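[1] predicted model follows, preceded by the sequence.
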Amino acid sequence: MRLEFRALLASAVVLAVSLSPAAAAPPFEPPAENAIPKGPLGQVILQGERIFRDTAKAAPGFVGNDLTCANCHIDAGRLANASPLWAAWVAFPAYRSKNGHVNTFAERLQGCFQYSMNGKKPPLGDPTLVALESYAAWLATGAPTGANMAGRGYPHLPKPAAAPDFARGKQVFDQHCALCHGATGAGQSAGGTAVFPAVWGPRSYNWGAGMTSIATAAGFVKANMPLGLGGSLTDQQAWDVALFIDSQERPQDPRFTGSVAETRAKFHNSPSSMYGREVNGHVLGAPPP
């Protein structure tokens with residue numbers, strides 16, 4: 001089954017890599033799974049891969065929702081234009097405006113747990129972080145340090161011809177996304193394990209996650225969704241469905257000040273954020289009536 005999934009992803013890479021500004025360069029090829037070294041280092045790398053693929057089970061103390069790292073970093077962090085680990089590893093340390101200082105790669109991982117996983121930061125040096133760092137470093141074997149590699153992050157889509165629209169986005173979601181993510185965005189589970197992630201609601205990423213940026217979500221959707229069919233939606237469809245998804249309620253931003261307006265002004269003061277805006281009579285981020 002994994003081979004079939006890989007075949008779908010291979011076709012997605014061909015479509016998605018054309019979206020990257022650096023598409024002229026061939027995509028980086030991380031080592032094959034069967035090339036993980038033997039011995040203590042290999043065991044830690046394998047644990048990092050397990051955490052990446054099944055985060056809640058492998059790192060339960062730090063996860064507060066049904067997502068895995070691989071939901072946003074597809075093919076366990078291997079796929080170009082799906083925020084691959086190999087491109088992130090070589091780009092750190094780096095300054096991040098989100099927290100106003102130079103971050104190590106471990107600090108970047110802490111943020112993923114706090115926001116995307118709606119959980120808790122593993123302490124620096126914790127075996128969970130060490131395993132993920134080891135896995136990322138191994139995936140980046142042979143990659144140039146400090147390079148802005150082709151396929152890093154998600155594509156930056158040009159502004160659409162028409163402003164993103166909630167109603168059009170709902171149509172895109174119903175037609176292309178609901179089959180996997182459910183009509184209510186709650187995802188789907190089998191045997192107690194989430195098969196497809198929740199894209200809003202209490203079991204999804206919180207308001208501090210990067211995917212709550214409409215621009216970020218649109219780039220991810222365009223390159224990678226529907227799964228295995230990346231590039232099949234138009235730019236306009238990607239922007240519309242990103243706005244629709246990010247106009248739904250989700251867990252509170254951990255940096256919440258006690259005031260939605262103040263939290264928006266401090267952390268979400270961007271046209272790409274729906275936090276603190278009114279949608280269908282409800283201010284996003286505010287407690288339900």
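    Here it is on my side, so go on.
[2] so what's residue 204 closest to, chain neighbours aside?
    Excluding the flanking residues, the one nearest residue 204 by C-beta to C-beta, 6 or more residues apart in numbering is residue 198, at 4.0 Å. Any C-beta I mention is one placed from the backbone N, CA and C, and that applies to glycine too.
[3] now do residue 50
    Per C-beta to C-beta, 6+ apart, closest to residue 50 is residue 58, 4.7 Å.
[4] which residues touch that neighbour?
    Shown in contact with residue 58 (C-beta atoms under 8 Å, 6 or more residues apart in numbering): 47, 50-51.
[5] ok, now residue 154?
    Residue 154 neighbours (C-beta under 8 Å, 6+ apart): 81-83, 216, 219-220, 223-224.
[6] about what we covered before: make JSON lines out of the contacts of residue 58 and add secondary structure and neighbour count.
    Formatted as JSON lines, the contacts of residue 58 follow (DSSP: H, G, I helix; E, B strand; the rest coil; neighbours: other C-beta atoms under 10 Å):
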{"residue": "47", "secondary structure": "helix", "neighbour count": "19"}
{"residue": "50", "secondary structure": "helix", "neighbour count": "16"}
{"residue": "51", "secondary structure": "helix", "neighbour count": "25"}
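[7] so which residues of the stretch 51-200 of the chain form helices?
    55-58, 69-72, 74-77, 85-89, 105-111, 127-139, 166-172, 178-181 (DSSP state H, counting those that start in this stretch).
[8] contacting residues around the last one?
    Going back to what we said before, that points to helix 178-181. 173, 187-188, 196-199, 226-227.
[9] so which of the helices of the stretch 51-200 of the chain is nearest residue 33?
    helix 74-77 (8.5 Å; C-beta to C-beta).
[10] for the residue nearest to residue 204, give me its contacts.
    65-67, 181-182, 185-187, 204.
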